[in-house]
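**Student:** pasting the sequence and the predicted coordinates here, then a few questions.
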Amino acid sequence: MTKIDLITGFLGSGKTTFLRHYARYLINRGMNIAILENDFGAINVDRMLLSDLEGESCDVEMVLGDKDYETHQRRFKTKLITLGMLGYDRVLVEPSGIYDVDEFFDTLQEEPLNRWYQIGSVISILDAHLPENTDEETDYLLVSQLANAGKVVLSKSQEVDEKSFSRTVDHINRALEHFHCDRRLTLGEIETKPWDQLTDADLEGICRAGYQRADHLKLPVSREDQYDQLFYMNVQATREELAEDLRQIFADPACGHVIRVKGYLNLRADGGGRGETNHAEEDVKRAGQAGWLKVNATADGIELSDSAQGQEVLIVIGEGLDQNRIGGYFHYAFGTDKTQ
C-alpha cells in the first residue's frame, strides 16, 4: 500500500514552505514521491512554487479548483486513483488553508482507495503569529486540523518568544474545548525548531508521527462564501515598489482583512517599474534571465525571492476584500475576483 500524508494549516501558515523541507528529506531517503496540491482556487500558484522539486523521484500534481464542493471532492478522488496506480512510495497532500480534515479521511475510506492507501502522518502547521481573537469558523478549521494531527509543527518560531508561543497554545486549547474536543495540546508535543534547523531525526519523527482521531463538534465549512480570492494580472513594479505596496495593503483597513498575497511578478528590463528611478534592469539581473520574482506575503512578513519561472499573477486572499482599493496599490494591474 502507498503511504499518504496530509499537511494542513490555515491560510498563510507556511504549509508549502514546510512541504519543501519534508519532500526533500523523503527524496534524499531514496523515496519515489508525489505531491498533490489540493486547492479550491482557480489558479494554483503553489504548484509552481514546488516545481523545482520535480524530477525522477518527485512528481507534482494538482486538483483543478471548483467552487462546487462535491465536484472538487470527486476530482480529488479521481486524482488519488490515478496516483495509486503509479506505484509511489509516498503521496503528500497539501490542501487549501480552508480545509476540513474530515474530507481527507472520508475520501480514503471509499473504494478502491481504502485498498491502495495507508495513512502515514497528518501534519498540522501552526502559525506562531496566530491572532488572539479569531472568528468561530477560523477556530473550527484550526480544531479540525489540529485534533487529528499526529504532529503539530510551529511555523515562524524564531519570530516569537516563549510567552507568545504559550498564548498561541492556550488559544488552540480554548478552541478545542469550545468545540467539545477532548484533545489538548502541550508545549512539549509541538515541534518548535526553526525549519532550517530540523535534523534528519526530527523529520523522521514527523514522518512516523501517524495521526489521531479526536472527536469534536462538526460544523459546515462555507469556504468560498467567507474567504475571498482576488487575482491581479499585469502588475508592474520593481522589487522595492512591490514590497512597499504590500506593506500598505496589509496596513490599510479599507482593503479588508488581507490574510495572504502570493504569486509572481515579471521583472521587466524595459520599464517594468513605475517611479522616476527605475530599478527594473537591476532587478532582472538579480532574478536571472527569466526575471521572475516569487511573492509570499502575510501581515507578519513579506518574502520576495528570485525565480527562474513564474506565472504573471498576484493572488490576494482574505475576508471582505475591496478589489478596487487593493488594485489601486497594484499599479497597471488588471484585477478579477474569484467569480469571474
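**Tutor:** Perfect, I can see it now.
**Student:** please make it C-alpha for all contacts and neighbour counts, starting now.
**Tutor:** Noted.
**Student:** any idea how many residues pack against the residue lying closest to Ser305 once chain neighbours are set aside?
**Tutor:** Nearest non-adjacent residue to Ser305, counting by CA to CA, 6 or more residues apart in numbering: Lys294, 5.1 Å away. Residue crowding around Lys294 was assessed by other CA atoms under 10 Å; the count is 24.
**Student:** residues contacting Lys294?
**Tutor:** Residues in contact with Lys294 (CA atoms under 8 Å, 6 or more residues apart in numbering) are Lys262, Gly263, Tyr264, Leu265, Glu303, Leu304, Ser305, Asp306, Ser307, Gly310.
**Student:** tell me the SS of Glu241?
**Tutor:** helix (DSSP: H, G, I helix; E, B strand; the rest coil).
**Student:** which pair in the contacts of Lys294 has the greatest spatial separation?
**Tutor:** Glu303 and Gly310 (15.2 Å; CA to CA).
**Student:** helix or strand right after the helix or strand bottoming out on mean pLDDT in the chain?
**Tutor:** One helix or strand of the chain scores below all others by mean pLDDT, DSSP states H and E: helix 280-287, with a mean of 44. Following helix 280-287 in sequence order, the next helix or strand is strand 292-298 (DSSP states H and E).
**Student:** buried residues in that following strand?
**Tutor:** Trp292, Leu293, Lys294, Val295, Asn296, Ala297, Thr298 (16 or more other CA atoms under 10 Å).
**Student:** quick one: average pLDDT of that strand?
**Tutor:** Taken as a whole, strand 292-298 has a mean pLDDT of 89.
**Student:** for it, the distance to its chain's centre please.
**Tutor:** 13 Å (CA atoms, centre = their mean, to the nearest Å).
**Student:** flag the shaky bits of the stretch 201-340 of the chain, pLDDT-wise.
**Tutor:** 221-226, 268-290, 332-340 (pLDDT under 70).
**Student:** wait, a helix at Arg213?
**Tutor:** No - counting by three-state DSSP, Arg213 falls outside a helix, being coil.
**Student:** give me the three-state assignment for Gly12.
**Tutor:** coil.
**Student:** and it, how far is that from Lys156?
**Tutor:** Distance, Gly12 to Lys156, by CA to CA, to the nearest Å: 11 Å.
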